[in-house]
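Novice: Build me a model:
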Amino acid sequence: MDKILRIDMGAKGGPKVTVEGLGAYAGLGGRAMTSTVIAQEVPPLCHPLGAENKLVIAPGLLSGTSAAMSGRISVGCKSPLTGGIKEANSGGQGAQVLARLGYAAVILEGKPESDDLYRVLITKDGVKVEKDNALKMLPNYDLVDAMKKKFGDKITCISIGPAGEMKLAAASVAITDIEVRPSRHAGRGGVGAVMGAKGVKVIVMDDTGCKNREPKDAEKFRAANKVFVNGLSTHSVTGQALPAYGTNVLTNIINEAGGYPTYNFRDGQFAGAAKISGETFADLETKRGGSATHPCHRGCVIRCSGTFVDKDGHFVSKQPEYETVWAHGGNCGIDDPDAIARIDFLDDTFGLDTIEMGATIGVAMQAGLAKFGDAQAAIRLIEEVGKGTPLGRILGSGAAVTGKVFGVEKVPVVKNQALPAYDPRAIQGIGVTYATSPMGADHTAGYAIATNILKSGGYVDPLKTEGQVELSRNLQIATAAIDSTGMCLFIAFAVLDQPETFQALIDLLNAFYGGNLTADDVTALGKKVLKLERDFNARAGFTREQDRLPRFFTTEKVGPHNIAFQVTDAELDQVFNW
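Specialist: Below you'll find the model as predicted:
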């Protein structure tokens, strides 16, 4: 992983491929790589869909190795949704394959003058960029099937659906999983729209003939990995709950805690939660011949994904994630697992962020475009986006735009990005993260749920303000570092509770690179990444006024706790004062 691939899509005479050394970007991976490149090379005031913006795709520091859980990939750019810096993170095979091919980053830059569409092929023998207008407006699943027919079934694809081609602000970038299905997504912030603006439909990768990246000290690396895997397998969350029920194990937990946003954040509990819980989905999948346990990439030992099939045993979608089930389920008043799985598939094949679209449909329902609880109406609205109708383009632009167009006052966004599946009034710590993350509302940026609800890394009362700023600050720092390693964020549960597992992560990095990192160095990396991101946003025009939740969270109380968001603006302004 000693080179960077640059593809200038706006070069005279057609796309130009350049392979260069790491240079100033040596030692960076994942989010640290994407955010550093964007901060240093992209003018903060540029148009997100213009030639000056860049799309950076980067595996983590440990991707392509035998380290468990190391297959997360980062996709970065200036966001068409927020107007600020963006890193969207995904599982799938992309990181492992790109790293095995030797690339620390792929940077798409420039913009073609024509409306031609291109595919990129990356193998051990080099890179080809070819025009392929036959791919126009193909949904992701059809696109990947076409690529498998052309290049074989050993490939990995990074692609966009029709939403990305239409440059919609809710467009995602799809990454294929082990079965070569485009089921994993760098979903947030409209990264798919930027890939569409570059004229790139799909990046096909084939690592045939490539080997795993080898550590400097193989013996120490193996020993550290053994301790690391043992820590994950013995923790109650990563070793039991997530493998058994997937991320959707949280539905009953968050609903019971009163933090499950329902009917466009009107209520904190959903009467139909049990019908769409992780336990229910797992039981349904197992009975129908699907699977409740599945890894999204090679080397995953948590296996929190699954396969959802219909009553006849036919594939519908990957097991919908907790945030997807909430967004298209409880948030819209829908308690039908089959409808939610169908919408999940449509989001994936059209190339849409499930969180943004679920929140958007909730706003549309609030506006009267459909009734809460009407699953078929929700499906039709998503299909409008896939068709690119005028209504579909409005919805595909996200919750903030939809709220403005239809005159809805209550729109749950921060920096124009929709809030995920936790009400910040009932879980105050996640509200601090939503408000202050450089990425816009993002639960993964500083997952306070771990400590507020699941009591990992201690306990901070979710209904009180005390300790929430410090909690969010520490988690945002740690997350920025983890996102740079290529590790799945779910390792955080074991890392927070087991000092030996945290040390094993550091030992993996040191054994691989021959370094002597300490815990303080990991913290310093997280701080450096956040500082870069916040500086970019400041130069793009962001102020502390953007680090706020929508006002209704502070003025409208939510049941059953009858509480509003109580962390003050002055306290929010202290998050990054380390």
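
Novice: Excluding chain neighbours, what is closest to residue 69?
Specialist: Once flanking residues are discounted, residue 69 sits nearest to residue 488: 4.6 Å by CB to CB, 6 or more residues apart in numbering. The C-beta positions use only the backbone N, C-alpha and C, and glycine is treated the same way.

Novice: Could you grab the helix/strand/coil label for residue 372?
Specialist: coil (DSSP: H, G, I helix; E, B strand; the rest coil).

Novice: now the end-to-end length of stretch 114-121.
Specialist: 21 Å (CA to CA, to the nearest Å).

Novice: For residue 373, list the residues it contacts.
Specialist: Contacts for residue 373 (CB atoms under 8 Å, 6 or more residues apart in numbering) come out as 332, 333, 334, 335.

Novice: What separation do you get for it and residue 331?
Specialist: 11 Å (CB to CB, to the nearest Å).

Novice: Below-threshold pLDDT in the stretch 101-250 of the chain: ranges please.
Specialist: Within the stretch 101-250 of the chain, no stretch has pLDDT under 70.

Novice: ugh, wrong one, I meant the chain
Specialist: Ranges of the chain meeting pLDDT under 70: none found.

Novice: Okay, domains of it per the record?
Specialist: 3-205, 248-422 (automatic domain parsing).

Novice: Now do the same for the residue nearest to residue 519 when sequence neighbours are not counted: helix, strand or coil?
Specialist: Of all residues not flanking residue 519 in the chain, residue 506 sits nearest, at 6.6 Å (CB to CB, 6+ apart). Secondary structure for residue 506, judged by three-state DSSP, is helix.

Novice: can I assume residue 506 is in contact with residue 522?
Specialist: Yes: taking contacts as CB atoms under 8 Å, residue 506 lies within contact range of residue 522: 6.6 Å.

Novice: These two - which one has more neighbours?
Specialist: Using other CB atoms under 10 Å, the more surrounded residue of residue 506 and residue 522 is residue 522, with 21 against 18.

Novice: Show me how far stretch 423-439 is from its chain's centre.
Specialist: When distances are taken as CA atoms, centre = their mean, to the nearest Å, stretch 423-439 is centred 17 Å away from the chain's centroid.

Novice: actually stretch 331-340, not the one I wrote
Specialist: The chain centre lies 22 Å from the centre of stretch 331-340; the measure is CA atoms, centre = their mean.

Novice: can you map out the helices along the stretch 151-300 of the chain?
Specialist: 162-165, 191-197, 218-234, 236, 242-245, 250-256, 278-288 (DSSP state H, counting those that start in this stretch).

Novice: Out of the ones you listed, flag the one nearest residue 404.
Specialist: helix 191-197 (18.2 Å; CB to CB).

Novice: Can you tell me the centre-most residue of the chain?
Specialist: residue 89 (4.0 Å; CA atoms, centre = their mean).

Novice: Could you list every helix and strand in contact with whichever strand or helix holds that residue?
Specialist: Per DSSP states H and E, residue 89 falls inside strand 85-90. Packing partners of strand 85-90 (3 or more CB pairs under 8 Å, 6 or more residues apart in numbering; DSSP states H and E): helix 30-41, strand 73-78, strand 173-175, strand 184-186, helix 519-539.

Novice: among those, which is the most enclosed?
Specialist: Burial of the helices and strands packed on strand 85-90 is given as mean neighbour count (mean count of other CB atoms under 10 Å); strand 173-175 ranks first at a mean of 32.

Novice: Okay, now the sheet partners of that strand, with direction.
Specialist: Here strand 173-175 has these sheet partners by DSSP bridges: strand 156-159 (antiparallel), strand 184-186 (antiparallel).

Novice: Please tabulate those in TSV and include distance to residue 23 as additional columns.
Specialist: Formatted as TSV, the strands paired with strand 173-175 follow (distance: least, CB to CB, whole Å):
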stretch	distance to residue 23
strand 156-159	24
strand 184-186	25
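
Novice: Nearest approach to residue 236 belongs to which of these?
Specialist: strand 184-186 (25.3 Å).

Novice: Compute the number of surrounding residues for residue 273.
Specialist: If you count neighbours by other CB under 10 Å, residue 273 ends up with 22.

Novice: if I look at it, how far off is residue 562?
Specialist: The value you get for residue 273 to residue 562, if CB to CB is used, is 19 Å.

Novice: Over to residue 537?
Specialist: The value you get for residue 537 to residue 562, if CB to CB is used, is 35 Å.

Novice: Would you mark the buried spots in stretch 507-518?
Specialist: 507, 508, 509, 510, 511, 512 (16 or more other CB atoms under 10 Å).

Novice: residue contacts, the closest residue to the third one other than its chain neighbours?
Specialist: Excluding the flanking residues, the one nearest residue 509 by CB to CB, 6+ apart is residue 517, at 5.6 Å. The contact partners of residue 517, taken as CB under 8 Å, 6+ apart, are 506, 509, 510.

Novice: mind redoing it with 10 Å?
Specialist: 505, 506, 507, 509, 510, 524, 525 (CB atoms under 10 Å, 6 or more residues apart in numbering).

Novice: which of those residues sit farthest apart?
Specialist: 507 and 524 (17.8 Å).

Novice: hang on, isn't residue 124 packed against residue 103?
Specialist: No: when contacts are counted by CB atoms under 10 Å, residue 124 is not listed as touching residue 103 (11.2 Å).

Novice: Neighbour count for those two, which is higher?
Specialist: residue 103 (23 against 12).

Novice: where do the strands sit along the stretch 251-400 of the chain?
Specialist: Applying DSSP state E, counting those that start in this stretch to the stretch 251-400 of the chain gives strands spanning 291-294, 305-309, 315-318.
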